[in-house]
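In: Got a predicted structure plus its sequence, pasted below:
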Amino acid sequence: MSRESKSDKNLIGAAGEHLVLSRLLTRGILAAQAPRGTRKADVLVNHLDRKASCLVQVKTRLGSGSEKSWVMSKKHEDMKESDLFYCFVDIGKANPNVYVIPAKVVAKVCKLSHETWMSLPGAKGQKHNDSDMRKIRNDYKFPIKGLEAGWMEQYLERWDLVE
């Protein structure tokens, strides 16, 4: 990967994190960027009304290309903590979308979609090679039992889940 593309990727990620922070703060939710390298979290949320604090992991894409997914990994199948949320940000639009989804839902979708993909033949009929990469999409290119097309729409701007 070239130095420029790595820098661009970092800038896109930072833009997503700052967008999430802005959305939380404008709703009166106390939030701060987690220190770099913090395990599981990009944003820390601390409620002032004695509710339990929570962690937010931000996944950002520049939705201008043909790939309309967020890259995840196998480890996300096991991250099911009730105080962990994902914000999937699509900044490729004039008004960026943010999907706020509980970790247990993301874990389930990562697992189901990967298992389904593994069970399907590849482009030339061959078996897929397993990897640690997973993808989160609003609409998968193949049907997944227990997952409706457009499943993410119910989580669009669902900041109440973090509140």
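Out: Okay, I see it.
In: and the residue nearest the centre of the chain, which of the three is it?
Out: With distances taken as CA atoms, centre = their mean, the residue of the chain nearest its centroid is F88 (3.8 Å). Reduced to three states with DSSP: H, G, I helix; E, B strand; the rest coil, the structure at F88 is strand.
In: Let me know the secondary structure of the closest residue to it other than its chain neighbours.
Out: Distances taken as CB to CB, 6 or more residues apart in numbering put Y99 closest to F88, at 4.3 Å, once the chain neighbours are dropped. From N, CA and C alone the C-beta is placed, and that goes for glycine too. Secondary structure for Y99, judged by three-state DSSP, is strand.
In: With F142 instead?
Out: Going by three-state DSSP: F142 is coil.
In: Now do the strands in the protein.
Out: Along the chain, the segments classed as strands by DSSP state E run 31-33, 43-45, 54-61, 69-73, 84-90, 97-102, 133-137.
In: Quick check: neighbours of the fourth one in the sheet, parallel or antiparallel?
Out: Here strand 69-73 has these sheet partners by DSSP bridges: strand 133-137 (antiparallel).
In: so the strand it pairs with versus strand 54-61, what angle?
Out: Here strand 133-137 runs at an angle of 90 degrees relative to strand 54-61 (axes from the mean of the first three to the mean of the last three CA atoms, to 10 degrees).
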